[in-house]
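> task: produce atomic coordinates for the following.
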Amino acid sequence: MNIAQYLDSTYLKTPEQSGLSAEETLQKDKDLAQEAIDNKIFAVMIRPDYVSEIKKYIQERHSNVVVGTVIGFHEGTYSINEKIAEAEKAIADGADELDFVINYNAYLKGELNLVKEEFIKCTQLCMQHHKIAKWIIEIAALHDDQIADLTKNISNWAKENFSENEWPKIFVKSSTGFFETENGKPNGATFEGVKIMLDNAGELPVKAAGGVRTPEDAEKMISMGVKRIGTSSALALIKNKSSEEGY
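Predicted coordinates:
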């Protein structure tokens, strides 16, 4: 199986989180991009501040590696206008795909209309600019029935507000990798959580992000039906190795 074509190779730590400078972080992103170019990895997923430079880096090397970024990351509690502004800048900087953290805290409070509005407005922006929109629901923060319900809502909103040929461009994604869990609970994609997403996403594709650290796990996720995998262990996966650390 060609795992590389499913992978979003990911580096999402800020300089403050990593203890690196902005220049060192940019270099890490360039190394990530070069690794993707050399190994035919589908996409790199980086912070918005670095999109412009990495897009330029990839274009200068005449590569088709896709540039993705995150919006409203990682808490998802940004206002709709803040998410739109961040998304507009990312698009202007050359991002091909935008991974939005849905306001799952609002969902948990029963503010479904707010969540629906941000989904529609932000997805409309992406569709207008021919970009991929992925919606991170942070499954580690939700119970199984909530994972199912939120995924189903996203699927229904997509069907009600977007054309059938746009559905493949609207993903439901599992995790940010930054949610802090208790008692050793996984904070990324699990087979159980992803199955619930797949069972409720309807025509929408699903991205499993975080916690996929062995080639066997990646192949199982793909065989289950996921269309993309977000990982900081992309090279290890395609080299048929395992990673015990990272996203």
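
> ok so residue 203 is a strand residue?
No - under DSSP: H, G, I helix; E, B strand; the rest coil, residue 203 falls outside any strand and is assigned coil.

> am I right that it is in contact with residue 165?
No - taking C-beta atoms under 8 Å as the definition, residue 203 is not a contact partner of residue 165, at 10.7 Å. Using the backbone N, CA and C atoms, a C-beta is placed for each residue, glycine as well.

> who's more crowded, those two?
Remark: of residue 203 and residue 165, residue 203 carries more neighbours, 11 against 7, as counted by other C-beta atoms under 10 Å.

> chain neighbours aside, what residue packs nearest to the more buried one?
Leaving aside its chain neighbours, residue 203 sits nearest to residue 167 (4.6 Å; criterion: C-beta to C-beta, 6 or more residues apart in numbering).

> now the one you found: how far from residue 123?
Distance, residue 167 to residue 123, using C-beta to C-beta, to the nearest Å: 11 Å.

> run a quick neighbour tally on residue 238.
21.

> quick check: it vs residue 119, distance?
Separation of residue 238 from residue 119 (C-beta to C-beta) stands at 33 Å.

> same check on residue 95?
18 Å.

> so for the two, which sits in the more crowded spot?
More crowded of residue 95 and residue 119, by other C-beta under 10 Å: residue 95, with 28 against 22.

> next, residue 189: phi, psi?
Phi and psi for residue 189, reported as degrees, to the nearest 10, are phi -70, psi 130.

> and it, how far is that from residue 137?
11 Å.

> so these two - more neighbours on which side?
The residue with more neighbours, out of residue 189 and residue 137, is residue 189; 28 against 25, by other C-beta under 10 Å.

> excluding chain neighbours, what is closest to the more buried one?
Nearest residue to residue 189, sequence neighbours excluded (C-beta to C-beta, 6+ apart): residue 208, at 3.8 Å.

> which residues touch residue 241?
When contacts are counted by C-beta atoms under 8 Å, 6 or more residues apart in numbering, residue 241 touches residue 215.

> doesn't it fall inside a strand?
No - applying three-state DSSP, one finds residue 241 to be coil, outside a strand.

> so the residue nearest to residue 203 sits in a helix?
Yes - under three-state DSSP, residue 167 falls within a helix.

> so it sits against residue 204, correct?
Yes - at 5.8 Å, residue 167 counts as touching residue 204 under the criterion of C-beta under 8 Å.

> more neighbours: which of the two?
Neighbour tally, residue 167 and residue 204, criterion other C-beta under 10 Å: the higher count belongs to residue 204, 24 against 17.

> you'd agree the more buried one is up against residue 156?
No - counting by C-beta under 8 Å, residue 204 sits too far from residue 156 to count as a contact (10.1 Å).

> so what's the nearest residue to residue 75 once chain neighbours are set aside up against?
Nearest non-adjacent residue to residue 75, counting by C-beta to C-beta, 6+ apart: residue 101, 6.8 Å away. Taking C-beta under 8 Å, 6+ apart, we find residue 101 in contact with 70, 71, 72, 73, 74, 75, 76, 136, 138, 176.

> a markdown table please, covering the residues you listed and showing pLDDT, neighbour count and distance to residue 1.
Below are those laid out as a markdown table (pLDDT from 0 to 100; neighbours: other C-beta atoms under 10 Å; distance: C-beta to C-beta, whole Å):
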| residue | pLDDT | neighbour count | distance to residue 1 |
| --- | --- | --- | --- |
| 70 | 98 | 25 | 27 |
| 71 | 98 | 27 | 30 |
| 72 | 98 | 25 | 33 |
| 73 | 98 | 21 | 30 |
| 74 | 96 | 15 | 30 |
| 75 | 96 | 14 | 35 |
| 76 | 97 | 25 | 32 |
| 136 | 98 | 28 | 25 |
| 138 | 98 | 26 | 28 |
| 176 | 97 | 26 | 26 |
